[in-house]
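**Q** Need a 3D model of the sequence below.
(one chain, ligands or ions: 1)
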Amino acid sequence: MASVTTAANSDSGGRAGVAAASYSSDTDNGMAAAAESIESIRESYAENGYYILPEALTPKEVEELRAETTAICRGERGDVDGFEPNVAGESEEDVLRRYLCVHFPHKISETMLDYLGHRQIADVLTQVIGPNVKCMQSMLFIKAAGKPGQAWHQDEFSIPTRDRTLTGAWIALDDATVENGCLWVIPGSHKRCIIWPQHYHEDPRFDCAGEAYGFPYSDEDSIPVEVRAGSIVFFNGYLLHRSFPNRAQSGYRRVLVNHYMSAESLLPWRGPKEGEHMAVADYRDIVMIAGEDPYPWKEYEELAAPQVRPTLEGGCETWRRGRKREILPFFKDGFRPGDAPEDDD
Ligand SMILES: O=C(O)CCC(=O)C(=O)O
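**A** Numbers count the residues shown, from 1 in each chain. From the prediction side, this is the model:
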């Protein structure tokens, strides 16, 4: 059983509002024994919009996820839309450098599927979301040296829950530093409960995904979230966050990011089906993580397929044309995260 303690997080340079929790696996009184600390997890998450669980995964677990990352990128777990054909005898480095990020790895990897509901993750999610938790997405960032980051955005822009419970669990598979492109957040920015608009940007530091704009914060309001491998950063879907390129000379900044929400909320992620009222639109390609599915009469669906995230090197038409466009905050048929909307002229 796990127990939780909180402490000031020295990784973040002692910046205000950054609490940290650590689990130890040598007690058997579990979460109940740490009720006060649990309260502080909830408070810290509510106040800052994120929460760091330092070194929550063991080195062995981190190693297992790294090995699985390589196997996925080698195509050993099955087909991923956007993968290039394998070249015989390629080194691990060649393989890992090919892709910035693979979306939905849990669709082809039993290991990635298992980690969606890892005990440390589920324990925190049930505190910050509620007893019934579902997962709808995973993303495996590899971000080799030289690869771009992601511009300011809020995850609820892309994955809209109806009760604002979207929560990312950002699992560091390498030490994440300012140099290699760690996450940056604007603490407390989730509290306005506003979804800021997005446009395509022209900033070569970031990949082709949209950039939020118009919000009343400046870059000086943001802080880096530097964590050691195995740490998990939980963050709210309304929190403004971004990351910079990996500026290290070599290596990777690998991270597995899974997204979760309350199972009570419908998820109009892909909009209503043909003839369906938008009020009942509900994306059902989900995995239950904790508690019960309150909609047991609904079927589960297979909607998501693993795919490579487009980067600057990879077919970002809007980038090449250097135009700023509003981004449609929903999927159309065949519209993928990071895709440019069709040209209308
Ligand atoms: O890890 C990164 O570089 C960006 C992750 C991110 O923006 C997200 O998970 O929403």
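**Q** residues near T69, how many?
**A** T69 has 27 neighbouring residues, counting by other CB atoms under 10 Å. Quick note: C-beta positions are derived from backbone N, CA and C, even for glycine.
**Q** which bits of the stretch 101-250 of the chain sit near the ligand?
**A** 141, 149-150, 155, 168, 170, 183, 241, 243 (CB under 6 Å from any ligand atom).
**Q** Doesn't T69 belong to a strand?
**A** No: assessed with DSSP: H, G, I helix; E, B strand; the rest coil, T69 is helix; it does not lie in a strand.
**Q** Just to check, it is in contact with L96?
**A** Yes: when contacts are counted by CB atoms under 8 Å, T69 is listed as touching L96 (7.4 Å).
**Q** which residues does I289 contact?
**A** Residues near I289 by CB atoms under 8 Å, 6 or more residues apart in numbering: 116-117, 121-122, 125, 133-135, 260.
**Q** if we go to 10 Å?
**A** Neighbour list for I289: 116-118, 121-122, 125-126, 129, 132-135, 169, 258, 260-261, 263 [criterion: CB atoms under 10 Å, 6 or more residues apart in numbering].
**Q** if you look at the residues of the stretch 101-250 of the chain next to the ligand, which of them are in helices?
**A** Of these, the ones assigned to helices by DSSP state H are D155.
**Q** Mind putting the residues of the stretch 101-250 of the chain next to the ligand into a markdown table with pLDDT?
**A** Converted to a markdown table, these look like this (pLDDT from 0 to 100):
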| residue | pLDDT |
| --- | --- |
| F141 | 98 |
| G149 | 95 |
| Q150 | 95 |
| D155 | 98 |
| G168 | 98 |
| W170 | 98 |
| L183 | 98 |
| H241 | 98 |
| S243 | 97 |
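**Q** which of the residues of the stretch 101-250 of the chain next to the ligand lies closest to the ligand?
**A** When those are compared for distance to the ligand (CB to the nearest ligand atom), S243 wins out at 3.2 Å.
**Q** What separation do you get for the closest one and C135?
**A** 22 Å (CB to CB, to the nearest Å).
**Q** What of H153?
**A** H153 is 20 Å from C135, where distance means CB to CB.
**Q** Kindly report the same for F215.
**A** Distance, F215 to C135, by CB to CB: 28 Å.
**Q** Who has more neighbours out of the two?
**A** Taking other CB under 10 Å, F215 and C135 do not tie; C135 has more neighbours (24 against 16).
**Q** Okay, now the sheet partners of the helix or strand hosting the more buried one, with direction.
**A** C135 belongs to strand 133-141 when assigned by DSSP states H and E. Strand 133-141 sits in its sheet next to strand 101-103 (antiparallel), strand 255-262 (antiparallel), strand 287-290 (antiparallel), going by DSSP bridges.
**Q** Kindly present those as CSV, with separate columns for mean pLDDT.
**A** Formatted as CSV, these follow (pLDDT from 0 to 100):
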stretch, mean pLDDT
strand 101-103, 96
strand 255-262, 98
strand 287-290, 98
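**Q** sorry, back to before: please enumerate the shared neighbours of T69 and L96.
**A** With CB under 10 Å, 6+ apart as the test, T69 and L96 both reach 142, 252, 254.
**Q** Could you give the number of residues near the last one?
**A** Residues contacting R254 under the criterion other CB under 10 Å number 24.
**Q** Excluding sequence neighbours, find me the nearest residue to it.
**A** L173 (3.8 Å; CB to CB, 6 or more residues apart in numbering).
**Q** The one you found contacts F141, doesn't it?
**A** Yes: using CB atoms under 10 Å, L173 is in contact with F141, at 8.9 Å.
**Q** so what's in contact with those two at the same time?
**A** By CB under 10 Å, 6+ apart, the residues touching both L173 and F141 are 69, 252-256.
**Q** and the ligand, which of these contact it?
**A** Within the shared contacts of L173 and F141, those near the ligand by CB under 6 Å from any ligand atom are V255.
**Q** of all the shared contacts of L173 and F141, which comes closest to the ligand?
**A** V255 (5.1 Å).
**Q** Mind listing the residues bridging to that closest one?
**A** When assigned by DSSP bridges, V255 has beta-bridge partners F141, A172.
**Q** residue contacts, it?
**A** 65, 69, 101, 139-143, 170-174, 176, 181-183, 227, 229, 231-233, 243.
**Q** change it to 8 Å
**A** 140-141, 143, 170-174, 176.
**Q** what bridges to the nearest residue to V178 once chain neighbours are set aside?
**A** Of all residues not flanking V178 in the chain, P224 sits nearest, at 5.0 Å (CB to CB, 6+ apart). P224 has the following beta-bridge partners by DSSP bridges: W184.
**Q** Need the pLDDT of P224.
**A** Looking at P224, its pLDDT stands at 98.
**Q** Can you give me the neighbour number for it?
**A** Neighbour tally, P224, other CB under 10 Å: 19.
**Q** try E63
**A** Using other CB under 10 Å, E63 is surrounded by 14 other residues.
**Q** you'd agree it is in a helix?
**A** Yes: with three-state DSSP as the criterion, E63 is assigned to a helix.
**Q** check contacts around it.
**A** Contacts for E63 (CB under 8 Å, 6+ apart) come out as none.
**Q** Distance check, it against the ligand.
**A** As judged by CB to the nearest ligand atom, to the nearest Å, E63 and the ligand stand 20 Å apart.
**Q** what's the distance between that residue and V95?
**A** Taking CB to CB, one finds E63 at 17 Å from V95.
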